[in-house]
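S.K.: Structure here, sequence nowhere to be found:
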């Protein structure tokens with residue numbers, strides 16, 4: 001069951017107490033950014049950072065593996081960041097769009113407890 005289906009069930013049961021909704025979560029995302037591990041390694045090289053403690057240029061096999069790991073960074077409205085990852089085991093199955101979708105879903109799952117804590121704190125303080 002996905003987040004939207006759960007929200008529909010909650011609404012269908014008439015549960016109206018304060019809660020974090022999928023729309024609340026989406027509204028809390030200021031920006032999204034995607035890159036592969038290979039992109040990150042290349043960016044670190046361009047910036048002059050040593051990302052290979054053993055030294056040397058990554059092998060073709062390593063570079064290929066790094067291309068199969070997708071990251072999503074979500075920046076929230078308050079500037080906090082969460083990350084999600086998607087790793088593909090079979091190179092033949094790699095699809096950048098699918099990887100980004102999975103990485104984003106994984107990042108979004110990290111927002112729920114943060115927003116839940118914030119809501120619970122506001123309820124505790126009586127500010128809701």
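M.R.: Received it, and whenever you're ready, just let me know what you need. From a predicted model like this one, the values you see are computed outputs, not experimental measurements.
S.K.: At the geometric centre of this structure, which residue do we find?
M.R.: With the centre of the chain defined as its mean C-alpha position, the nearest residue by CA atoms, centre = their mean is residue 107, 2.1 Å away.
S.K.: So for that one, what's the nearest residue that isn't a sequence neighbour?
M.R.: If the residues on either side of it in the chain are set aside, residue 107 comes closest to residue 84, at 3.0 Å by CB to CB, 6 or more residues apart in numbering. Any C-beta I mention is one placed from the backbone N, CA and C, and that applies to glycine too.
S.K.: What pLDDT does the model give that neighbour?
M.R.: Residue 84 is assigned a predicted lDDT (pLDDT) of 98.
S.K.: doesn't it fall inside a helix?
M.R.: No: using DSSP: H, G, I helix; E, B strand; the rest coil, the assignment for residue 84 is strand, not a helix.
S.K.: dump the residue contacts of it.
M.R.: With CB atoms under 8 Å, 6 or more residues apart in numbering as the criterion, the residues that contact residue 84 are 71-72, 74, 102-110.
S.K.: Out of those, grab the one that's most surrounded.
M.R.: Counting by other CB atoms under 10 Å, residue 103 has the largest number of neighbours within those, with 25 neighbours.
S.K.: Correct me if wrong, but residue 71 is in a strand.
M.R.: Yes: with the criterion set as three-state DSSP, the secondary structure at residue 71 is a strand.
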